[in-house]
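**Student:** Would you be able to build a 3D model of this:
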Amino acid sequence: MVDTGEGTALSKDISAYLAKHYPVNNKRESTVVKGDLKLSFKYWQVPTLGQRARDPVQGENGLIWWVGQWGNILGRLNPETGEMKEYTLPSGTYAHSVSLDKNQTPWFLGNKNGTVGYLDLKTEKFKVYKMPDKNARDPHTGVFDDAGIFWFTLQHSNMIGRLNPKSGDIKLATLPTKGSRPYGIKLDSSGTPWVSCNGSNCLVKVDKNTMELSEIKLPGAKTHTRRLAITPDDMVFYVNSGMGKLGRYNPKNGKITQWDNPSGENSHPYAIEYADNAIWFNESAKRHG
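**Tutor:** Residues are numbered from 1 along each chain as shown. Below is the predicted model of the structure:
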């Protein structure tokens, strides 16, 4: 990418060319649901262009960390001042996401070289852990439990991992259904990991002691779930990306409920989170405004 400079002659020429040859179309227009809630957004431009900045996470200290997957970057933003700093990750890492431990240390998941690691905030040096199995190629998304254990998914390897940072020991478990492609991972109130399947119609519950995996089949052959969110009462909400639905699994009675997204079956809901007593999710295949 090239920074053309906002308001420059080159920028205006490019804008005019794009407007003429690529006019606005409504093929990906979203369906807007009216309501009382009003939102505002603030944007920050990352220093390195073309890095594919993704999966930001905000710590308890207010700092926001992100990874620039294509640029092999770990980045930090202070939203109060706008100050940013970027760190070049170890060669070949190309991290997919970043997670924070209880000390607010950023951990990255090396999606291209089968590693997980962290940035030592005092020395600004990286500590890297390699997967114990050559088939565990692509750490994807992670979460820390209250004991400090790091749980993570490996999407195309069809595995779930557990790392003990104190010992460096890594254990892996393979999902029961081939091609399940474990993606998002969250913990319930007991610290039990739950995983969403991006390649199959399933959720997976992980026994935190034995790493035994229990698969819950979701309705619909086209169902696949990118990410999930768990409410304080342990209801497991998920985005049904394949069918354009929001879903809920009740672990207490096994009941599954799904709701159609406003923009329909091709809306491809992706991100989801629980905050402010509500479930928030996006329709990644749609555009508005």
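**Student:** With adjacent residues omitted, what lies nearest to the residue nearest in space to the middle of the chain?
**Tutor:** The centroid of the chain falls nearest to Asp55 when counting by Cα atoms, centre = their mean (5.3 Å). Nearest residue to Asp55 in three dimensions, chain neighbours excluded: Ser97, at 4.0 Å (Cβ to Cβ, 6 or more residues apart in numbering). No exception for glycine: its C-beta is placed from N, CA and C like everyone else's.
**Student:** residues contacting that neighbour?
**Tutor:** Contacts for Ser97 (Cβ atoms under 8 Å, 6 or more residues apart in numbering) come out as Arg54, Asp55, Val57, Val67, Phe108, Leu109, His140, Thr141, Gly142.
**Student:** The fifth one bridge partners, please.
**Tutor:** With DSSP bridges as the criterion, the beta-bridge partners of Phe108 are Val98, Gly117.
**Student:** circling back: name only those of the contacts of Ser97 that count as buried.
**Tutor:** Buried members of those, scored by 16 or more other Cβ atoms under 10 Å, are Asp55, Val67, Phe108, Leu109, His140, Thr141, Gly142.
**Student:** quick one: contacts of the host helix or strand of the fifth one?
**Tutor:** Read that as His140. For His140, the element it lies in under DSSP states H and E is strand 139-144. With Cβ under 8 Å, 6+ apart as the test, strand 139-144 has contacts from 55, 96-97, 99-102, 107, 109-111, 114-116, 131, 150-155, 161, 182-187, 193, 227.
**Student:** Just the buried ones out of these, please.
**Tutor:** 55, 96-97, 99-101, 107, 109-111, 114-116, 131, 150-155, 161, 182-187, 193, 227.
**Student:** Among those, name the ones in strands.
**Tutor:** 55, 96-97, 99-100, 107, 109-110, 115-116, 150-154, 161, 182-187, 193, 227 (DSSP state E).
**Student:** On the three-state scheme, the residue nearest to Asp169 when sequence neighbours are not counted is what?
**Tutor:** Residue nearest to Asp169 in three dimensions, not counting chain neighbours: Leu163, with 7.3 Å by Cβ to Cβ, 6+ apart. Classification of Leu163 by DSSP: H, G, I helix; E, B strand; the rest coil places it in strand.
**Student:** Contact partners for Leu163?
**Tutor:** Val116, Tyr129, Ile149, Phe150, Phe152, Asp169, Ile170.
**Student:** before we move on, what about Asn164?
**Tutor:** Asn164 makes contacts with Gly148, Ile149, Phe150, Ile170, as judged by Cβ under 8 Å, 6+ apart.
**Student:** Take the residues you listed and lay them out in a markdown table including distance to Gly75.
**Tutor:** Formatted as a markdown table, the contacts of Asn164 follow (distance: Cβ to Cβ, whole Å):
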| residue | distance to Gly75 |
| --- | --- |
| Gly148 | 24 |
| Ile149 | 26 |
| Phe150 | 20 |
| Ile170 | 26 |
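**Student:** Buried subset of the residues you listed, written for PyMOL?
**Tutor:** The buried residues among the contacts of Asn164 can be selected in PyMOL (16+ other Cβ under 10 Å) with this line:
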select buried, resi 149+150+170
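**Student:** Touching, Cys197 and Leu175? I think so.
**Tutor:** Yes: in this structure, Cys197 is within contact of Leu175 by Cβ atoms under 8 Å, at 7.4 Å.
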